[in-house]
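[1] Here is a sequence together with a model predicted from it:
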There are 2 protein chains.
Amino acid sequence: MLKPSQTAYVPFVSVENMMRLVHHIGLEPMLKDLADEIEADFIRWPLFDKTPRVASHSDVGVIELMPTSDGETYGFKYVNGHPSNMKKGLQTVTAFGLLADVATGYPLMLTEMTILTALRTAATSAMAAKWLAPEGSKVMAMIGNGAQAEFQALAFKAICGIEEVRLYDIDPAATEKCARNLQGLGLTVVPCKTSQDAILGAQIITTCTADKQYATILTDNMVGSGVHINAVGGDCPGKTELHKDILLRSGIFVEYPPQTRIEGEIQQLDADYPVTELWQVITGQAEGRKDARQITLFDSVGFAVEDFSALRYVHSQLKQAGLFQDLDMIADPDDPRDLFGMVQRAKTA
Amino acid sequence: MLKPSQTAYVPFVSVENMMRLVHHIGLEPMLKDLADEIEADFIRWPLFDKTPRVASHSDVGVIELMPTSDGETYGFKYVNGHPSNMKKGLQTVTAFGLLADVATGYPLMLTEMTILTALRTAATSAMAAKWLAPEGSKVMAMIGNGAQAEFQALAFKAICGIEEVRLYDIDPAATEKCARNLQGLGLTVVPCKTSQDAILGAQIITTCTADKQYATILTDNMVGSGVHINAVGGDCPGKTELHKDILLRSGIFVEYPPQTRIEGEIQQLDADYPVTELWQVITGQAEGRKDARQITLFDSVGFAVEDFSALRYVHSQLKQAGLFQDLDMIADPDDPRDLFGMVQRAKTA
């Protein structure tokens, strides 16, 4: 066979190389870097080509494509959400993503994104809390101790200065796993037997559970004034975590309203219920937390711009770290109109 | 580093392996197989989860994602269209695609699709012509002799029994390239100096040009009664090939109206102008060609179901041919909730 030219190759970051990259940079520094990249892209929010993600739903889960572009670079993520996977020994969420050049449409990088999504989700949550949580927050309740939990805890430590995490999960084995993983990383870790216990003294409440249905992880009487709620788990039509009454008492902040109205906690509210876009808080166009007594709610569903930031960050680290392999993914005939000739010549070469 | 488990691996078909597969099966047999697969999926059209492709447009081109699902398997294609790429020595169209398991959301196969798209586009055109072209068609005019031209010519030979192709392109070098590539493949090849000359005696007229703007490749007086027009090139908002008057004289057949009304030749017509869906002709629910004098027009833009058929076909050939490599693309912790532990353990492993 003929050897493909360099244009045919797309740098690919495997799971193994993504883990190497994380340890090359360090977990907390990488979470901070990602939060900075995401914040920088939220500041230039209006110039992104935005669309609600394209979801293909089945009885057991969802497969989504999340594209966006800043006019120079295009990125998209493939991601699934299958709560029943865990019973089969599989991940609830797996993902991969691609960055491409808008000027030519040629791919620039293909990468695993299961790990990268966990990192960018935690970085986004912590970045939002930096703008919305009460000043001097030191304690976070972490309800739902699955695959995302430790990343959230570390991001809130690195970006918001959280010192104590209080863990609760309906499955004690998940809490044990989470507490074990967080040992020795500089956080006070308090496993709790109930969610009421977990939220005791917490200024920030993170909910991150993964049922594909309406659930009430927090009821109204559990939530006192002045807290910041980081609602991560409700991210599908028909999948929510908070009682509607909490929403009605909160200042609600979202990523991209057309997507959040379909997928977020606010699917429980009227389509014109007022919410604030997070990017406007960051640019100073909208008010964030009003006062120390307000409940702020970041109704996070995960938006394509966050993946774009993460993809660009990994791409910027690629050459330096050398942690990629070349993938022969793009047919590249010598004469671009002669695809047929290239195929035919491969027969005899 | 820890060695990933088998679940972490996604079979990947490189450009080189796709070319091997084509020659392993044979170009004409593979075009026939693909036409059969596409026809079979058109027969079960109503059960597909269908959406117009998600396009990100820029001044110079478009990047598109084309997802669909039959409820058991999910597929999508990434594809760009950049007419100005050719001047840079790059392909106008490049593509790759993925097949995934709906039950778990896990990828089943990643593959190059630049070559596969050329094959499936030609197979779709010829399959449609089998249903719509006048009986006993032997001569095809091929206007636009770029990357798709030879694939079209061979597909119409293999599937419709075309014996003579008459070539025309505004760039004589493209016609030369196409004529050279088609030598010795069992077709009478006639290079022509004008499009008028090319359509002389042709029962089928294929237009496949790649300008991102309204163009008039065929004018009304060029098209006589009884021909079948296979319009391949008009596949973008603002990009058409045929004069509107031709459309008004033709029976118009399309893949998926919500997408064709945006991208196809019929963007020149009112939004409710009657068109027939090709799948209904194949299932007998709608009439195809009315009589020998009717002009039939297949206003083809390319739809996700055709890529799905092609992806499934390649997947079915994978194991047999052994033409793939394993890609470490999916993070696969022993305990699916312990993604963090997997990342942390990789540090010391």
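    Arrived safely, thanks for sending.

[2] Now do A:D235, the pLDDT please.
    Note for A:D235: predicted pLDDT of 66.

[3] The stretch 151-300 of chain A: helices as residue ranges?
    Taking DSSP state H, counting those that start in this stretch to define them, one finds helices in the stretch 151-300 of chain A at A:172-182, A:195-198, A:244-249, A:257-263, A:278-282.

[4] quick one: which of those is nearest A:L218?
    helix A:244-249 (6.0 Å; CB to CB). (Glycine included, C-beta is placed from N, CA and C.)

[5] List the buried residues in the closest one.
    Neighbour counts over helix A:244-249 (16 or more other CB atoms under 10 Å in any protein chain shown) mark A:246-247 as buried.

[6] Any stretches of chain A with poor pLDDT?
    Where chain A drops to pLDDT under 70, the residues are A:1-5, A:211-214, A:234-235, A:349.

[7] how close does whichever residue of the stretch 151-300 of chain A sits closest to chain B sit to A:N17?
    In the stretch 151-300 of chain A, the residue that lies nearest chain B is A:N181 (5.1 Å; CB to the nearest CB). Noted for A:N181: a distance of 22 Å to A:N17, by CB to CB, to the nearest Å.

[8] check contacts around the residue nearest the centre of chain A.
    By CA atoms, centre = their mean, chain A has its centre lying nearest to A:T121, at 2.5 Å. By CB atoms under 8 Å, 6 or more residues apart in numbering or on different chains, the residues touching A:T121 are A:148, A:151-152, A:232, A:300, A:302, A:306.

[9] hmm, 7 Å instead?
    By CB atoms under 7 Å, 6 or more residues apart in numbering or on different chains, A:T121 lies in contact with A:148, A:232, A:302.

[10] Dump those to JSON lines, plus distance to chain B.
    What follows is the contacts of A:T121, written out as JSON lines (distance: CB to the nearest CB, whole Å):
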{"residue": "A:Q148", "distance to chain B": "8"}
{"residue": "A:V232", "distance to chain B": "14"}
{"residue": "A:G302", "distance to chain B": "15"}
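
[11] among these, which are in strands?
    Among the contacts of A:T121, no residue falls in strands (DSSP state E).

[12] mind putting the residues you listed in JSON lines, neighbour count and distance to A:S137 included?
    Below are these laid out as JSON lines (neighbours: other CB atoms under 10 Å in any protein chain shown; distance: CB to CB, whole Å):
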{"residue": "A:Q148", "neighbour count": "27", "distance to A:S137": "19"}
{"residue": "A:V232", "neighbour count": "25", "distance to A:S137": "17"}
{"residue": "A:G302", "neighbour count": "26", "distance to A:S137": "23"}
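
[13] Can you get me a residue count around the residue of the stretch 151-300 of chain A closest to chain B?
    Each residue near A:N181 was counted by other CB atoms under 10 Å in any protein chain shown, and the total is 22.

[14] what about it, distance to B:Q344?
    From A:N181 across to B:Q344, the span is 7 Å (CB to CB).

[15] With A:N80 instead?
    According to CB to CB, A:N80 and B:Q344 sit 24 Å apart.

[16] So if I had to pick from the two, which one is more boxed in?
    In this view A:N80 and B:Q344 are compared by other CB under 10 Å, and A:N80 has more residues nearby, 25 against 18.

[17] Got the phi and psi for that one?
    Per-residue torsions, A:N80: phi -110, psi 160 (degrees, to the nearest 10).

[18] now A:V232, nearest residue through space, not along the chain?
    A:C208 (4.2 Å; CB to CB, 6 or more residues apart in numbering or on different chains).

[19] and the residue nearest to the centre of chain A, what element?
    A:T121 belongs to helix A:114-132 when assigned by DSSP states H and E.

[20] Determine how far that helix lies from the middle of the whole chain.
    From the chain centre to the centre of helix A:114-132 is a distance of 6 Å (CA atoms, centre = their mean, to the nearest Å).

[21] following that helix, which helix or strand comes up?
    Heading C-terminal from helix A:114-132, the first helix or strand you meet, by DSSP H and E, is strand A:139-143.

[22] So what touches that following strand?
    Residues contacting strand A:139-143 (CB under 7 Å, 6+ apart): A:149, A:152-153, A:156, A:162, A:164-168, A:195, A:198-199, A:201-207, A:209, A:217.

[23] quick one, domains of chain A?
    Here the domain parsing of chain A from automatic domain parsing is A:6-115+A:305-348, A:123-302.

[24] and those domains as JSON lines, adding distance to B:G61?
    Shown next, in JSON lines, are the domains of chain A (distance: least, CB to CB, whole Å):
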{"stretch": "domain A:6-115+A:305-348", "distance to B:G61": "5"}
{"stretch": "domain A:123-302", "distance to B:G61": "25"}
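
[25] List the beta-bridge partners for the residue lying closest to A:A153 once chain neighbours are set aside.
    Of all residues not flanking A:A153 in the chain, A:V165 sits nearest, at 4.6 Å (CB to CB, 6+ apart). With DSSP bridges applied, the residues forming beta bridges to A:V165 are A:M140, A:V189.

[26] if I look at the closest residue to A:F151 other than its chain neighbours, how far off is A:V79?
    Leaving aside its sequence neighbours, A:F151 sits nearest to A:A122 (CB to CB, 6+ apart; 3.8 Å). Noted for A:A122: a distance of 15 Å to A:V79, by CB to CB.

[27] Between those two, tell me which one has more neighbours.
    More crowded of A:A122 and A:V79, by other CB under 10 Å: A:A122, with 29 against 23.

[28] ok now do that one, which residues does it touch?
    For A:A122, the contact set (CB under 7 Å, 6+ apart) comprises A:31, A:148, A:151-152, A:155.

[29] now for the residues you listed, which pair is the farthest apart?
    Spanning the widest gap among the contacts of A:A122 are A:L31 and A:Q148, at 12.7 Å by CB to CB.

[30] residues contacting the closest residue to A:D169 other than its chain neighbours?
    Leaving aside its sequence neighbours, A:D169 sits nearest to A:N145 (CB to CB, 6+ apart; 3.9 Å). A:N145 makes contact with A:167, A:169, A:174-175, A:177-178, according to CB under 7 Å, 6+ apart.

[31] Which among those residues count as buried?
    Those of the contacts of A:N145 that meet the buried threshold are A:167, A:169, A:174-175, A:177-178, by 16+ other CB under 10 Å.

[32] could you point out which element follows the host helix or strand of A:V305?
    A:V305 is part of helix A:304-321 when elements are defined by DSSP H and E. Next in sequence after helix A:304-321, counting helices and strands by DSSP H and E, comes strand A:325-328.
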